[in-house]
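Asks: give me a 3D structure for the following:
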Amino acid sequence: MALVNGSRSTILRQATSAWGLLNGVICVYKQPGISVGATHKILKNKICQDLNSMQRIPRQEVVQIQRVPKTKPIGEIHSINTEVDHEVIGEIDDGKGIIRIVKQKSFADHPLLVGPGYTWQDVKIANANKLGLESSGVMVLGINKGLFQAQLIDKNRWLKTYVVSGQFGKATDTFFHSGKVLEKAKFEKIQRFLIDRMLARSQASHQKLAFDVAGVRMDTERAYELASQGVVRAATESSPIIYSVKCIKFDLPHFDLEISTINETENYLCRFIHELGLKLHSVAVCTKIRCTKVGPFSSDLALLQKHWNLEYVLDNISKTSEILKNFNLFEREPMVGKV
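Replies: As a prediction, the model looks like this:
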């Protein structure tokens, strides 16, 4: 198997060459209903399958001296024996038999003895952002030497954008539509402007919370300077903060919200939908959570599961490395993108 590494315009045939390039950050699209751990294992197995189908390091050759019965004329040189994969390079008749000098490939690194060259345990993967079991969308991962970069991205607390779908009229014990229904309520009087009003209030309260977490009063010059630089984010892990929320689709009883946030969890987003229903004198459940953007990484860059193979992964590492050149991960950027 040969891989074309498009960004470097090179053809990779050796597994070791491809393995040497398998270091960095990639962006994949996670499917709902699959855990993060299972996603890691699927990706690792597909990468290892491609690596093991490529050319391996040639087996070492060793020279052996053997005594064999005197059945062949002296000086006869045999061709390679395909069964034992050896070549006779010389013979000496000492009167008692033939001493044969044989060059053959070592069995110490035979594929049937050492097994596959790469297994899923060899590939190291860490998350820069985590998605819950029922969530789907963009997930940024660090591979091998890219683990440290993934940790830095996580510490920089880049904004993450979600499209969260909800349904009015029922409430469950998990705040997700698959949970046990606990309550039903009417929703016919809910209108779009009422949702927009409630979302604006929630956004305003969270914007104030962002300054409180940063330890800055909103009526100070420091608060103005921070706001002029972009999105004010907490330097440490704190409670979830929503920087932007708006309704992008309204079709009773269904609706979609676009939420830009940090420090969020799947349960928090589901609870946000539940609380929105209560504020509108009804009830609501979350039906779908999809992450569309993590900092500068959008869903356009994310690899679908059908593209989880070595060639696409290496190409994705090249693309993300070009994007990361614009960011100093060792310093917290005040803004990844304006909300």
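
Asks: give me the buried positions along whichever strand or helix holds residue 285.
Replies: If you go by DSSP states H and E, residue 285 is part of strand 284-294. Buried residues in strand 284-294, defined by neighbour count with 16 or more other CB atoms under 10 Å: 284-294. Heads up, the C-betas are built off the backbone N, CA and C, glycines and all.

Asks: got the CA coordinates for it in CSV?
Replies: The C-alpha trace of strand 284-294 is given here as CSV (Å, rounded to 0.1, in the frame of the first residue of the first chain):
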residue,chain,number,x,y,z
ALA,A,284,-39.1,20.9,27.0
VAL,A,285,-36.5,18.2,26.3
CYS,A,286,-33.3,18.1,24.3
THR,A,287,-33.5,16.0,21.2
LYS,A,288,-30.1,16.5,19.6
ILE,A,289,-26.7,18.1,20.4
ARG,A,290,-24.3,18.9,17.6
CYS,A,291,-20.9,20.6,18.0
THR,A,292,-20.3,22.7,14.9
LYS,A,293,-17.1,24.5,15.9
VAL,A,294,-14.2,24.4,18.4
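
Asks: residues in contact with the helix or strand just after it?
Replies: Using DSSP H and E, the helix or strand that follows strand 284-294 in sequence is strand 297-298. Contact with strand 297-298 is made by 27, 138, 140, 292, 320, 323, as judged by CB atoms under 8 Å, 6 or more residues apart in numbering.

Asks: which ones among those residues are found in helices?
Replies: Those of the contacts of strand 297-298 mapping onto helices are 320, 323, per DSSP state H.

Asks: low pLDDT regions in the chain?
Replies: Within the chain, the ranges that satisfy pLDDT under 70 run 1-10, 57-59, 70-86, 107-115, 214, 230, 234-237, 330-339.

Asks: try it again at 80.
Replies: 1-13, 55-116, 208, 210-219, 222-238, 328-339 (pLDDT under 80).

Asks: show me the domain layout of it.
Replies: 1-58+121-157+297-339, 61-105, 159-294 (automatic domain parsing).

Asks: give me every residue that touches residue 44.
Replies: With contact taken as CB under 8 Å, 6+ apart, residue 44 is in contact with 120, 123, 125.

Asks: so it sits in a helix?
Replies: Yes - checked against DSSP: H, G, I helix; E, B strand; the rest coil, residue 44 lies within a helix.

Asks: burial of the residue nearest to residue 14 when sequence neighbours are not counted, as a residue count?
Replies: The shortest distance from residue 14 to any non-neighbouring residue, by CB to CB, 6 or more residues apart in numbering, is to residue 55 (5.2 Å). Residue 55: 14 surrounding residues under other CB atoms under 10 Å.

Asks: also residue 191?
Replies: For residue 191, the number of neighbouring residues by other CB under 10 Å comes to 12.

Asks: for residue 222, see how far away the closest residue to residue 238 other than its chain neighbours is.
Replies: Among residues not flanking residue 238 along the chain, residue 213 sits closest, at 4.8 Å (CB to CB, 6+ apart). According to CB to CB, to the nearest Å, residue 213 stands 14 Å off from residue 222.

Asks: who has more neighbours out of these two?
Replies: Comparing residue 213 with residue 222 by other CB under 10 Å, the one with more neighbours is residue 213, at 17 against 13.

Asks: from residue 34, how far out is the more buried one?
Replies: Applying CB to CB to residue 213 and residue 34 gives a distance of 33 Å.

Asks: ok, back up a step: return a ChimeraX selection command for the buried portion of the contacts of residue 44.
Replies: Selecting only the buried entries of the contacts of residue 44 in ChimeraX, with 16+ other CB under 10 Å as the criterion:
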select :120,123,125
